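Student: Predicted model follows, preceded by the sequence.
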There are 2 protein chains.
Amino acid sequence: MRDSSPQGTYKVQALDRAFAVLDLLGESDTPLGLAQVASSLQLHKSTAHRFLMVLERHRMVERTSNGKFRLGLRLFDYGNRAIEQYDLRDRAQPHLRRLVAETEETAHLALLEAARVIYIDKIEPARSVRMITRIGASNPVHCTSVGKAILAFLPEDRATDVVRRLRFERFTHRTISTPEALRAEMEKTRRRGYAVDDEEFEEGLRCIAVPLLDAQRQPVAAVSISGPSFRVTAQKLPSIANHLLQCVRGISMDMGYISAGRGNRASWSA
Amino acid sequence: MRDSSPQGTYKVQALDRAFAVLDLLGESDTPLGLAQVASSLQLHKSTAHRFLMVLERHRMVERTSNGKFRLGLRLFDYGNRAIEQYDLRDRAQPHLRRLVAETEETAHLALLEAARVIYIDKIEPARSVRMITRIGASNPVHCTSVGKAILAFLPEDRATDVVRRLRFERFTHRTISTPEALRAEMEKTRRRGYAVDDEEFEEGLRCIAVPLLDAQRQPVAAVSISGPSFRVTAQKLPSIANHLLQCVRGISMDMGYISAGRGNRASWSA
DNA sequence: GACGCTGGTTTCATATTTTGAGAAGCTGGA
DNA sequence: TCCAGCTTCTCAAAATATGAAACCAGCGTC
């Protein structure tokens, strides 16, 4: 039982098990049979069976024609409701579209979730090559522009907390791999007002992001522009950053975080 | 205990309760406090509390700053994984975009889920008024074009099964409200190859849909075009239907359901 | 400033609920 | 036809979740 959260003292075995089943099915890219589920999770056949039947009744899982199990569409429904309650995505979308039109590169909208960033929207320019990111997916904080953008503007205690939980996995030879290096990068980010991922996550891919600050000046999300390094050149960064800042400013106003007059940059000189 | 499914005999109380909590939070458009959850669900405070804590640990729910609960982002992740396993949406999207460009009206992609249709994608033309449909939401079968399109091409036994489960709720004075009328409509749909919802769900809204058939010629989804009746006129229907048929044909090919030569219409004369 | 109220957190003995061994059914391949 | 692997079902045992009650904390009222 490592990884016990502060209030990890509450337990409902059945729920832990049920979610383990969902996790397993979610990880697997092919439907699994009862036996596979049972053995992977070290549950007894009959227990796994009962869980799967109940989950199926709730449509959290469903069976393929050959009797194997995969995640059910009910989860899709829940997921959309969950995201809707933030209503950030809907409000942000028009602004993101404009941003994509201006820059002609792919835009992402991401939130910080625990110690990872989760993408809640992606807009691609018409003529672009498909990016591999998946809406709903999560990526590490330390090697993504959105991650760094949010992290840099987090209050000290929360930031330390997040940094402590990072595993600093390496993806390219440029990936930041120590807390110290990340700290320095955060400082840099604060100074210039935007975060950059310079092929730190994927070779040949450069991204730039700015945080979206709420009414309390807390970063709640980040907007980024990503593209191949030969198009998103170092020289272009300041100009793209400007578009980004305008974009988040628009979103902030739509969300009621700021009134028309105030800017979005203020906080990082506080 | 009405509504017991065929195999409703399996029970895990904890799961039923947990999902009831998620349902409740999903329905509510504002975060709920512990007390509200407990009383709505007739759970005792301590039980509700324990559940919420466990759900929070799994990030299925999260707390707002004032301590109230709402659905968590983990569900968004699950939902996207669930939908991805079908990978229909991703493949269909470019085709839907083309369809929207051609028709300049809103396109939907929907699946049949139990006895309802669930929308898995929506594309709106740039200049259109926002439609109220929400991705992930579900609607009744009997009064939507997508519902009727799928239903009409279902094998007899499955169709009867679905029809039996419909409640024929009325939305406008044109809503089909008897099984017999629906049967007739299905017949008509099969003959002309596309389904129409002529203000049967919402006053002033006309929709037209065609089914997407898989390799076994089973309908797995439907694509629709919706718009205000004054734009989507009766005269335009055949032309729109043509665009729709071309669209699903493209999707079918992308999904590997049909090879380039074969059409999509064949089945309904079999 | 004390009081009572509403809402959240914690504890713990009890019994209800889940558990899992095992047996019985299927299905498909040899 | 028989076996092997996977799924479905049953039921007594016990581990698990339950909820009454106590405890806290904040807030509006008197």
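Tutor: Yes, it's here.
Student: Spell out whether the helix or strand encompassing residue A:102 and chain B are in contact.
Tutor: Using DSSP states H and E, residue A:102 sits within helix A:88-103. No: shown here: helix A:88-103 not in contact with chain B (CB under 8 Å from any CB of the partner chain), separated by at least 8.9 Å. Where C-beta positions appear, they are placed from N, C-alpha and C, glycine not excepted.
Student: Following element in sequence after that helix, please.
Tutor: Counting by DSSP H and E, what follows helix A:88-103 is strand A:106-113.
Student: ok, how many other residues are close to the spatially closest residue to residue A:229 that is not a sequence neighbour?
Tutor: Nearest residue to residue A:229 in three dimensions, chain neighbours excluded: residue A:206, at 4.5 Å (CB to CB, 6 or more residues apart in numbering or on different chains). By other CB atoms under 10 Å in any protein chain shown, the residues close to residue A:206 number 26.
Student: Residue A:206 touches residue A:200, doesn't it?
Tutor: No: using CB atoms under 8 Å, residue A:206 is not in contact with residue A:200; the gap is 9.2 Å.
Student: could you point out where the stretch 51-200 of chain A is predicted with low confidence?
Tutor: A:127-130 (pLDDT under 70).
Student: Please enumerate the strands of chain A.
Tutor: A:61-63, A:69-71, A:106-113, A:116-123, A:138-140, A:195-198, A:205-213, A:219-228 (DSSP state E).
Student: Can the second one be said to contact chain B?
Tutor: Yes: under the criterion of CB under 8 Å from any CB, strand A:69-71 makes contact with chain B via A:70-71.
Student: in the top helix by length along chain A, what counts as buried?
Tutor: In chain A, assigned by DSSP state H, the helix with the most residues is helix A:237-255. Neighbour counts using 16 or more other CB atoms under 10 Å in any protein chain shown place A:237, A:240-241, A:243-255 of helix A:237-255 among the buried residues.
Student: For chain B, give me its nearest residue in chain A.
Tutor: Of all residues in chain A, residue A:79 sits closest to chain B, at 2.2 Å by CB to the nearest CB.
Student: which residues touch that residue?
Tutor: Contacts for residue A:79 (CB atoms under 8 Å, 6 or more residues apart in numbering or on different chains) come out as A:136, B:75-80, B:82, B:136.
Student: Could you identify which of the strands of chain A is most buried?
Tutor: Stretch with highest mean neighbour count among those: strand A:205-213 (a mean of 27; mean count of other CB atoms under 10 Å in any protein chain shown).
Student: Now tell me what touches that one from outside.
Tutor: The contact list for strand A:205-213 (CB under 8 Å, 6+ apart) reads A:108, A:144-146, A:148-150, A:152-153, A:193-199, A:201, A:219-229, A:232, A:237, A:240-241, A:244-245, A:248, A:251-252, A:257, A:264, A:267.
Student: cutoff 7 Å now
Tutor: Residues from elsewhere that reach strand A:205-213 (CB atoms under 7 Å, 6 or more residues apart in numbering or on different chains): A:144-146, A:149-150, A:153, A:193-199, A:219-229, A:232, A:237, A:240-241, A:244-245, A:248, A:251-252, A:257, A:264, A:267.
Student: between the strands of chain A, which gets nearest to residue A:161?
Tutor: When the strands of chain A are compared by CB to CB, strand A:106-113 sits nearest residue A:161, at 11.2 Å.
Student: Run through the neighbouring helices and strands of the closest one.
Tutor: helix A:88-103, strand A:116-123, helix A:145-152, strand A:219-228 (3 or more CB pairs under 7 Å, 6 or more residues apart in numbering or on different chains; DSSP states H and E).
Student: Redo the ones you listed as CSV? Include distance to DNA strand D.
Tutor: Shown next, in CSV, are those (distance: least, CB to the nearest atom of the strand, whole Å):
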stretch, distance to DNA strand D
helix A:88-103, 27
strand A:116-123, 27
helix A:145-152, 29
strand A:219-228, 23
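Student: and which of the buried residues of helix A:237-255 is nearest residue A:97?
Tutor: Looking across these and measuring by CB to CB, the closest to residue A:97 is residue A:247, at 9.8 Å.
Student: ok, that closest one touching residue A:100?
Tutor: No: the pair residue A:247 / residue A:100 is not scored as a contact, 9.6 Å apart, by CB atoms under 7 Å.
Student: Domain boundaries for chain A, per the record?
Tutor: Annotated domains of chain A cover A:13-77, A:87-269 [automatic domain parsing].
Student: ok now the last one, how far from the chain's centre?
Tutor: Taking CA atoms, centre = their mean, to the nearest Å, one finds domain A:87-269 lying 10 Å from the centre of the chain it belongs to.
Student: What's the separation between residue A:73 and residue B:118?
Tutor: 6 Å (CB to CB, to the nearest Å).
Student: Excluding covalently adjacent residues, which one is nearest to residue A:231?
Tutor: Nearest one to residue A:231, counting by CB to CB, 6+ apart, is residue A:105 at 6.9 Å.
Student: about what we covered before: for the helix holding residue A:102, packing partners?
Tutor: Checking 3+ CB pairs under 7 Å, 6+ apart, helix A:88-103 ends up next to strand A:106-113, strand A:116-123, strand A:219-228, helix A:237-255.
Student: So for residue B:215, which of those sits nearest?
Tutor: Of all the helices and strands packed on helix A:88-103, strand A:116-123 comes closest under CB to CB, at 29.9 Å.
Student: Give me the contact status of that closest one with chain B.
Tutor: Yes: using CB under 7 Å from any CB of the partner chain, strand A:116-123 comes into contact with chain B via A:118, A:120.
Student: Just the CA atoms from that strand would do, formatted as PDB, please.
Tutor: Provided in PDB are the C-alpha atoms of strand A:116-123 (Å, rounded to 0.1, in the frame of the first residue of the first chain):
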ATOM      1  CA  ARG A 116       0.200  14.800 -14.900                       C
ATOM      2  CA  VAL A 117      -1.400  17.000 -17.600                       C
ATOM      3  CA  ILE A 118      -4.600  15.900 -19.200                       C
ATOM      4  CA  TYR A 119      -5.600  17.100 -22.600                       C
ATOM      5  CA  ILE A 120      -9.200  18.200 -22.800                       C
ATOM      6  CA  ASP A 121      -9.200  19.600 -26.300                       C
ATOM      7  CA  LYS A 122      -7.200  19.600 -29.500                       C
ATOM      8  CA  ILE A 123      -7.600  21.700 -32.600                       C
END
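Student: contact partners of that strand?
Tutor: With CB under 7 Å, 6+ apart as the test, strand A:116-123 has contacts from A:83, A:89, A:92-93, A:96-97, A:100, A:106-111, A:133, A:135-141, A:144, A:146-147, B:73, B:76-77.
Student: Is stretch A:61-69 positioned near DNA strand C?
Tutor: No: between stretch A:61-69 and DNA strand C, judged by CB under 7 Å from any atom of the strand, nothing touches; the nearest distance is 8.6 Å.
Student: how far out from the middle of the chain is that stretch?
Tutor: What separates the centre of stretch A:61-69 from the centre of its chain is 29 Å, taken as CA atoms, centre = their mean.
Student: re the thing from before, dump the strands of chain A to JSON lines, plus distance to residue A:15.
Tutor: Shown next, in JSON lines, are the strands of chain A (distance: least, CB to CB, whole Å):
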{"stretch": "strand A:61-63", "distance to residue A:15": "15"}
{"stretch": "strand A:69-71", "distance to residue A:15": "17"}
{"stretch": "strand A:106-113", "distance to residue A:15": "19"}
{"stretch": "strand A:116-123", "distance to residue A:15": "22"}
{"stretch": "strand A:138-140", "distance to residue A:15": "21"}
{"stretch": "strand A:195-198", "distance to residue A:15": "36"}
{"stretch": "strand A:205-213", "distance to residue A:15": "33"}
{"stretch": "strand A:219-228", "distance to residue A:15": "28"}
